[in-house]
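K.L.:
I'll drop the sequence and a predicted model, then ask my questions.
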Amino acid sequence: MFGIDSSEFLVIVIIAVIVIGPKDLPRALYKVGQIVGKAQGMARHFRTGIDAMVREVELEELEKKWAAQNKRIMDEHPPEVAATDALLAPGDSAGSEGNPPYVAEAPTEKPAFVAQSAPVAPPAADGPPYVAEASAEPVAQPHKGDAAA
């Protein structure tokens with residue numbers, strides 16, 4: 001347990017019974033248990049905080065390592081000029097070759113099919129707007145007591 005042998009524990013119990021008395025011993029053990037529980041909770045909270053700080057430091061070290069490795073890779077393999085020209089946004093210049101800026105061409109043909117929405121009837125003057133008309137067939141409503149199928 002705490003490096004206490006069984007014979008040492010027996011001596012502590014006998015002394016506690018003599019000093020505290022058998023009548024108050026359960027209450028004293030309860031208080032000792034509460035104090036030990038609070039101490040364990042504080043130690044757990046402290047350990048959690050230390051672990052969080054260690055994780056943050058490890059993450060910062062990894063981010064520095066990844067940034068250095070990314071820089072090394074980018075230095076070894078510089079991007080090609082043709083690949084950067086394809087990534088230019090409309091209106092940007094093409095670079096050092098003097099190419100004209102990228103201009104998007106407008107489509108010359110109309111699409112073969114254009115989807116059209118159905119005409120919307122104006123709202124009725126006597127009811128709330130955009131209310132669908134009731135169907136001729138009644139719809140069966142489930143009862144509260146019915147089980148879901």
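P.N.:
Cool, the structure landed.
K.L.:
can we go C-alpha only for contacts and neighbour counts from here?
P.N.:
Will do.
K.L.:
burial count for residue 20?
P.N.:
Residues lying near residue 20 (other CA atoms under 10 Å) number 13.
K.L.:
residue 15 versus the closest residue to it other than its chain neighbours, what's the distance?
P.N.:
Residue nearest to residue 20 in three dimensions, not counting chain neighbours: residue 28, with 7.9 Å by CA to CA, 6 or more residues apart in numbering. To residue 15, residue 28 is 13 Å away according to CA to CA, to the nearest Å.
K.L.:
from the contact counts, what lies against the longest helix seen in the chain?
P.N.:
Counting by DSSP state H, the longest helix found in the chain is helix 25-76. In terms of contacts (3 or more CA pairs under 8 Å, 6 or more residues apart in numbering; DSSP states H and E), helix 25-76 is packed against helix 6-20.
K.L.:
same for the helix it packs on, what does it pack against?
P.N.:
By 3+ CA pairs under 8 Å, 6+ apart, helix 6-20 packs against helix 25-76.
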